[in-house]
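Colleague: My questions concern the predicted model and sequence given below.
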Amino acid sequence: MFGQNTNGSASNTTAGNRVFRYEVVGLRQSEETDNNSYAIRKSGSVFITVPYNRMNQEMQRITRLGGQIVKIEPIALEA
């Protein structure tokens, strides 16, 4: 296609370098969480670090697991 470059990636853009931390409460144990490499706590908050380009997918996953996002904050990456 004329004028379009398919060799680039999202990590080359400003948005690709941004990372966010979700504070999530209310996650419940399920078949999907059994596949995680970490245990789900029954109380308290869980912090999940997510790159900008995966924010929507992670929000949907948290909702499917019964969690509620309490706070989203950007994380400054060290250069």
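Modeller: Perfect, I can see it now. Residues are numbered from 1 along each chain as shown.
Colleague: Point to the helix or strand of the protein where mean pLDDT is at its lowest.
Modeller: Ranked by mean pLDDT, DSSP states H and E, the weakest helix or strand in the chain is helix 31-34, scoring a mean of 64.
Colleague: List of residues touching the longest helix along the chain?
Modeller: Taking DSSP state H as the criterion, the chain has its longest helix at helix 55-64. Applying C-beta atoms under 8 Å, 6 or more residues apart in numbering, the contact partners of helix 55-64 are 20, 22, 24, 27, 32, 48, 50, 68-69. Quick note: C-beta positions are derived from backbone N, CA and C, even for glycine.
Colleague: Partner strands of the helix or strand just after it, with direction?
Modeller: Moving toward the C-terminus from helix 55-64, the next helix or strand (DSSP states H and E) is strand 68-75. If you go by DSSP bridges, strand 68-75 pairs up with strand 19-25 (antiparallel).
Colleague: May I have the strand it pairs with exported as PDB, CA atoms only?
Modeller: Below are the C-alpha coordinates for strand 19-25, written out as PDB (Å, rounded to 0.1, in the frame of the first residue of the first chain):
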ATOM      1  CA  VAL A  19       3.100   1.900  31.100                       C
ATOM      2  CA  PHE A  20       0.300   2.100  33.600                       C
ATOM      3  CA  ARG A  21      -0.400   0.400  37.000                       C
ATOM      4  CA  TYR A  22      -3.900  -0.800  37.800                       C
ATOM      5  CA  GLU A  23      -5.000  -1.200  41.400                       C
ATOM      6  CA  VAL A  24      -7.600  -3.900  41.400                       C
ATOM      7  CA  VAL A  25      -9.800  -5.300  44.200                       C
END
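Colleague: Which residues outside that strand are in contact with it?
Modeller: Residues outside strand 19-25 that contact it (C-beta under 8 Å, 6+ apart): 44-52, 55, 58-59, 62, 67-75, 77.
Colleague: for the record, mean pLDDT for that strand?
Modeller: Averaging pLDDT along strand 19-25 gives 93.
Colleague: May I see the buried residues of that strand?
Modeller: Buried residues in strand 19-25, defined by neighbour count with 16 or more other C-beta atoms under 10 Å: 20, 22, 24.
Colleague: now that strand and helix 55-64, what's the angle there?
Modeller: Here the directions of strand 19-25 and helix 55-64 differ by 10 degrees (axes from the mean of the first three to the mean of the last three C-alpha atoms, to 10 degrees).
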